[in-house]
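Chemist: Let's see this in three dimensions:
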Amino acid sequence: MAKTKEEREQRRLEAKARAEKRKAAKDAAKQQKELHGDNDAATAADAKMNINDLRKNLPISKEHNSSLAMVTLPIDALSRVMRYLPAREWGAVSLTCTGLNLTLGGCRVSHISSRLMRREDEEGKQSTCGSMCLVGGLQLCVDRKEAQEILDRSFVGGGETNRLVSKKMKLSRKKNPNGDADADEYPAYARFVEEATLGYSAMQCSRDALFPTHVQGRFASCSPEHTLLRIGGGGNTASGPGGSGVASWGVGKRGQLGFGKREDEPEPRLLLSKIGWGVRIVQVAAGGGLVRVAHSLLLTSTGRVLSFGTAQYGALGHGYDAGKQLSDCLRPRYIDALKNEKCICVAAGELHSGVVTMDGDVYTFGEGFCGQLGLGDRRPQLLPKQVTLGGLEDECVNNMSMGCRHTLVTTDDGDVYSWGLGRFGVLGRSYTDFTYNNDVGMAVPEGEEGHVVGVAARPPPMQAAAMDNIINAANDDGTNDIMAALDALNLTLDDPSDQCYPKVIDSLQGVRCVGVSAGHRHSMVLDEFGGLYTFGSGASGALGHGDLQGQEYPIKVQEFDNMRVRIHQFSAGVDMSLAVDTQGTVYAWGKASEGRLGLGMGRLQTALPREVDVGDAKFKAVDVECGYVHSLIVGLDGSVYQCGGVGVDGKDDGQQDLDIEENQRGLPRLLSGFNIWHRIAEPKEKVVKEQWKKYGKYELKGRSKMLQEGVRSIG
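Modeler: Next comes the predicted model:
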């Protein structure tokens, strides 16, 4: 700030000069307009010459815009430049050069179509522009006209969602109802499309930290009992993205919904605590099994991980609390042990969890009795610990998925590693037995009420005196004495079985794999050309090979090859599977009762992939997620469909809507009022004022009221 009289006078003269310059520019523009107005031929020629010139649409008063190199480009050239900008940078340009925002309508169509369709030249060769990171490229639209329709549908997908619209856009809509009144919202939708198609998500922890292309839980994640869905967020920032918040619903008895209470939620409900408005979520993971346990993980754009739900066996990664207890966490809480790591992927199994860091390292924690942590033993791990065995320390891991008792990862080189319980062939490779018993018990759907079926791993018979030694050592809290007593009995949680550490799936050598999905007792792997491989239990036809036979090694699903279909996203649940091809069509196979696959109520199971119809001919899907009795389908317009449903508050599983017509039961149901990418206002948490509580005949009263009663008693 100027302090002397001379400095103030100098600033005044500079401001006066700028004002005169602006006035001269306005007068020149006005004079030029009047000159052209007298000559219709000149006006037509000028319009024809400048039809692609953006400068004619810029406010003259913002003379600094006219000097930008970008503004001097014709609109067709500008479209080619803008299509290479990620959505985040597009939003930055719109905010920096506000005069361009309302004039980029054609550029928006070109930008979005480059993410949705595979471009070919006259010789049939694919262009390097477009779906750069996808398996074989997407074909979600065929021309610019269809791209424009997709863009228009995105603003109304999911019904009335109360999305935020800036004041400038509201004013523009009033002045020109047929104009581009959603210009400010496009960067948010473009971010959603880039995450869904290219796998690109701008992480704040590093510009080089990118998501895997085919990560599980990008938008939604299902456990047998609850569901997590990215939705809402964005606040009042013009270029801020939607889909930054999280909604959850289902059974909440173990706090896995994150609302701070142990109650069920029948419909999606947004998490509070600034999730989505102060903390941006980029991936969700819902863990749990058929034994009434569940937990949740959230990955933020800064590479931090939050967890909540069941703390049994350390699945949350928080370790012991102050009372040396593993208490359930009812609200999202950061995992402090990972605060120095920047994570790019999270995964959750039944009672174990894992993360992948920006450097390609893998950390696991939780129950390890079946070797699912990959740490070379069967001990539980209360805090995250790096997996270094089996040569994984020298590999750069980019993707992870966890099933009931097993884990799958992919590397940058396209290799797949597996470890954990090898029962049913879910590891896709040969393995050695556990030390005591290879038939480790696990919950299966046919078990009564999800009880464990099978023989639990048992140690040799124990003498009474030896047991007394272990009990006495435990009472004295003597860890060394406990281990000595166990060693005396030849009992240990160390296990030489290669189920307890990572090992590459040899049968996939030579196939570059880009994605994995671990189900309850079967697994799926995707190669770079869109080929899908399945292995594990074939119950209910979950492998998609046309029979109910299990497979110990990966087998390609030939039905997709026969239909010339290439898969883009996929998910393995409990004896059921879902997949989306590169054209946005959804396929389902496996257990289909109660409408869990969206194939209707009449079909109990299907051993071959069947197309799922959501009831909208123009609907295109970009992601799917499987649970146990329900599944989710995410559309290109941001809308979400649910198949089946989890019974809450004591109700039976399946669709609970009594208003659904008989011919619509078992088909996908639109979650009305929800759209993943729409920015919405931050919900406020209701604060309940405490009322005076009565204790017997007496009541707690305020000081003023007690003084008043005292005065009355004296009077």
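
Chemist: Checking the residue nearest the centre of the chain next. Helix, strand or coil?
Modeler: In the chain, the centroid-proximal residue (CA atoms, centre = their mean) is Arg218; its distance is 2.5 Å. For Arg218, the assignment made with DSSP: H, G, I helix; E, B strand; the rest coil gives coil.

Chemist: I'd say it and Leu198 touch.
Modeler: No: Arg218 is beyond contact range of Leu198, at 11.4 Å (criterion: CB atoms under 8 Å). From N, CA and C alone the C-beta is placed, and that goes for glycine too.

Chemist: Could you pull out the helices in this structure for me?
Modeler: 5-37, 40-49, 75-82, 87-96, 105-116, 144-154, 167-175, 186-197, 464-475, 479-488, 558-562, 703-714 (DSSP state H).

Chemist: Comparing those helices, which yields the minimum mean pLDDT?
Modeler: Among those, helix 40-49 carries the lowest mean pLDDT, at a mean of 41.

Chemist: just to revisit the earlier point, next, the contact list for the residue nearest to the centre of the chain, please.
Modeler: 195-196, 199, 211, 230, 283, 623 (CB atoms under 8 Å, 6 or more residues apart in numbering).

Chemist: so which pair among those is furthest apart in space?
Modeler: Gly199 and Arg230 (14.8 Å; CB to CB).

Chemist: who's more crowded, those two?
Modeler: Neighbours per residue, other CB atoms under 10 Å: of Gly199 and Arg230, the larger number sits with Arg230, 29 against 18.

Chemist: For the more buried one, name its beta-bridge partners.
Modeler: Bridge pairing for Arg230 (DSSP bridges) gives the partners Val246.

Chemist: Hmm, it is touching Leu270, no?
Modeler: No: counting by CB under 8 Å, Arg230 sits too far from Leu270 to count as a contact (10.8 Å).

Chemist: and this protein, what are its domains?
Modeler: 1-49, 57-193, 220-434+496-670 (automatic domain parsing).

Chemist: Would you tell me which one of those is buried the most?
Modeler: Mean neighbour count (mean count of other CB atoms under 10 Å) peaks for domain 220-434+496-670 among the domains of the chain, with a mean of 22.

Chemist: And it, how far out from the chain middle?
Modeler: Taking the mean C-alpha point of domain 220-434+496-670 and that of its whole chain, the gap between them comes to 10 Å (CA atoms, centre = their mean, to the nearest Å).

Chemist: Can you give me the first-to-last residue distance of it?
Modeler: Terminal residues of domain 220-434+496-670 are spaced 15 Å apart (CA to CA, to the nearest Å).

Chemist: Find residues that contact each of Arg230 and Leu270.
Modeler: In contact with both Arg230 and Leu270: 245-246, using CB under 8 Å, 6+ apart.

Chemist: Dump the contacts of Arg218 to a markdown table, plus distance to Trp419.
Modeler: Formatted as a markdown table, the contacts of Arg218 follow (distance: CB to CB, whole Å):
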| residue | distance to Trp419 |
| --- | --- |
| Glu195 | 29 |
| Ala196 | 30 |
| Gly199 | 25 |
| Phe211 | 23 |
| Arg230 | 29 |
| Gln283 | 22 |
| Asp623 | 27 |
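
Chemist: so Phe674 touches Arg163, yeah?
Modeler: No: counting by CB under 8 Å, Phe674 stays clear of Arg163, with 10.9 Å between them.
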